[in-house]
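S.K.: Predicted model and sequence follow; I will ask about them next.
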Amino acid sequence: MSFRIIGTGMYVPPKAVTNDDLSQLVETSDEWITKRVGIKERRISETEFTSDMGTKASLQALENAGVKPEELDMIITGSISGECSSPSTACMIQKNIGATCVAIELQAACAGYLYVLETAAAYFALHKEYKKMLVVGCERMSGIVDFQDRSTCIIFGDGAGAAVLERADNYIDSVFTVKGNDEVIRIPHFVGTSPYFQKTQEDIGTPYIHMQGQETFKYAVSSIAQDITTLLERNNLTADDIAWIVPHQANLRIIDFASKRLGIDPSKMFVNIEKYGNTSGASVAIALHELAQSGKLKRGDKIILCAFGGGLSNAACLIEW
Amino acid sequence: MVKEEIINMLAEATDKDAAEIEMETTFADLGIDSLDMTEMAMDLEDKFGIEFTPSPEINTVGKLVEAVEKLVAEA
């Protein structure tokens, strides 16, 4: 017993920051970013924290599902950029939407939403009385990006996506991999002001995103190709059986090169990176909502969601819509 | 074998004739950026069973051929 998705929602803040805007901050250009990353603009929050955006996406998902907050049995969020270590964004979303159910947050960086869905499936299996859950990916990446670092500040954006899940059998299969590594992608915390701790911020790095571009690219392409191949083979499917693949929107070049290596028509990959950039744990949730709203997805379609990121953590799942 | 493979890859990636690509040709001349290099590195890894991460110092076709031939010999 797992779940089916009965409603989705998303929210991005109103301020669009274009490549030309960023070229005023760091040495870059619209042509360079478009060619290498595929992003034209990203939304950057001016006043809203992560849980505020998660709340708005959640309310839309509940409305689209026709579900009231009091009907929820659980809320699970995936985020690495919440405004507080505690309360989590899950707790604040529970409060903001007027739900009373249990709420937990987990983090697997850009793959967070996939880990949230897997955890939801596990809780449906554990608690036979659970009927409906809310899952959310929400990020204010602009809070953990160094806007003087041109290699990262052009990539990330803010936003949230959410879905309401109902007990069913539509979460068909999943694959999860973690290769513990703090060199390829790393986001250190503020080291603190303890007079007793003998290490400094310099020892751990500035509290912003640090990425090795080429290594991240190789890891991302390999993980997409491997995870999708595993799901197809294990379920006796070919790419022709899959209506859509919804990949983490990290970099258009990653998505295109993974398609090429898989021998899959790139038009089968749902892409919206040009509008929002990389919204980390929110990206697959936002993309899935936009795909659902586009009318291109029919009930009964098989789709694959896949993501990869810091951890290093990657995952993919096969869902019947 | 490595040299031919690399030249064929570059010719395909840039829509150029293989005869136009010489050992002294720089990747900048070919319009090859760092992500193109990474994509080619992944294809070379699969082809020759090596692990290879391009560095900025490898900026000509000849230097790439030399680096990959060394890794293939060590593999």
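M.R.: Looks like it came in fine.

S.K.: can you list the weak-confidence ranges in the stretch 1-150 of chain A?
M.R.: The stretch 1-150 of chain A contains residues with pLDDT under 70 at A:1.

S.K.: the strands in it, which residues?
M.R.: Using DSSP state E, counting those that start in this stretch, the strands of the stretch 1-150 of chain A run over A:2-11, A:16-18, A:41-43, A:74-78, A:102-106, A:132-140.

S.K.: Out of the ones you listed, which is the most enclosed?
M.R.: strand A:132-140 (a mean of 31; mean count of other CB atoms under 10 Å in any protein chain shown). Using the backbone N, CA and C atoms, a C-beta is placed for each residue, glycine as well.

S.K.: and the helix or strand following that strand with chain B, contact?
M.R.: With elements assigned by DSSP states H and E, the helix or strand that comes after strand A:132-140 is helix A:150-153. No - judged by CB under 8 Å from any CB of the partner chain, helix A:150-153 stays clear of chain B, getting no closer than 10.6 Å.

S.K.: so what does the following helix or strand past helix A:150-153 touch, helix or strand wise?
M.R.: Under the assignment DSSP H and E, the closest C-terminal helix or strand after helix A:150-153 is strand A:158-168. When contacts are defined as 3 or more CB pairs under 8 Å, 6 or more residues apart in numbering or on different chains; DSSP states H and E, strand A:158-168 packs onto strand A:2-11, strand A:41-43, helix A:50-65, helix A:112-126, strand A:132-140, helix A:283-293.

S.K.: how about a cut-off of 6 Å?
M.R.: Contact partners of strand A:158-168 among helices and strands, from 3 or more CB pairs under 6 Å, 6 or more residues apart in numbering or on different chains; DSSP states H and E: strand A:2-11, helix A:50-65, strand A:132-140, helix A:283-293.

S.K.: want to try a markdown table for these, with distance to chain B as columns?
M.R.: As requested, the helices and strands packed on strand A:158-168 are exported to a markdown table (distance: least, CB to the nearest CB, whole Å):
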| stretch | distance to chain B |
| --- | --- |
| strand A:2-11 | 28 |
| helix A:50-65 | 30 |
| strand A:132-140 | 24 |
| helix A:283-293 | 19 |
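
S.K.: coming back round to it: tell me which of the strands of the stretch 1-150 of chain A approaches residue A:299 most closely.
M.R.: Residue A:299 sits nearest to strand A:2-11 of all the strands of the stretch 1-150 of chain A, at 9.2 Å, using CB to CB.

S.K.: tell me the angle the closest one makes with helix A:112-126.
M.R.: 140 degrees (axes from the mean of the first three to the mean of the last three CA atoms, to 10 degrees).

S.K.: who does strand A:2-11 pair up with?
M.R.: Strand A:2-11 has its sheet partners listed here by DSSP bridges as strand A:158-168 (antiparallel).

S.K.: which residues are in contact with the strand it pairs with?
M.R.: A:3-13, A:43-45, A:53-54, A:57-58, A:61, A:65, A:67, A:120, A:124, A:131-138, A:140-142, A:276, A:279, A:282, A:285-286, A:289 (CB atoms under 6 Å, 6 or more residues apart in numbering or on different chains).

S.K.: Next, the buried residues of the helix or strand that that strand is followed by.
M.R.: Downstream of strand A:158-168, the first helix or strand assigned by DSSP H and E is strand A:171-181. Residues A:171, A:172, A:173, A:174, A:175, A:177 are the ones in strand A:171-181 that count as buried (16 or more other CB atoms under 10 Å in any protein chain shown).

S.K.: In the stretch 151-300 of chain A, what residue spans correspond to strands?
M.R.: Remark: strands assigned in the stretch 151-300 of chain A by DSSP E, counting those that start in this stretch are A:158-168, A:171-181, A:185-186, A:210-211, A:244-247.

S.K.: so who does whichever residue of chain B sits closest to chain A touch?
M.R.: Closest residue of chain B to chain A, CB to the nearest CB: residue B:38 (4.7 Å). Residue B:38 is in contact with A:214, A:217, counting by CB under 6 Å, 6+ apart.

S.K.: next one: the one 3 residues further on
M.R.: If you count contacts by CB under 6 Å, 6+ apart, residue B:41 has them with B:52, B:54.

S.K.: Figure out the helix or strand that it lives in.
M.R.: Residue B:41 is part of helix B:34-48 when elements are defined by DSSP H and E.
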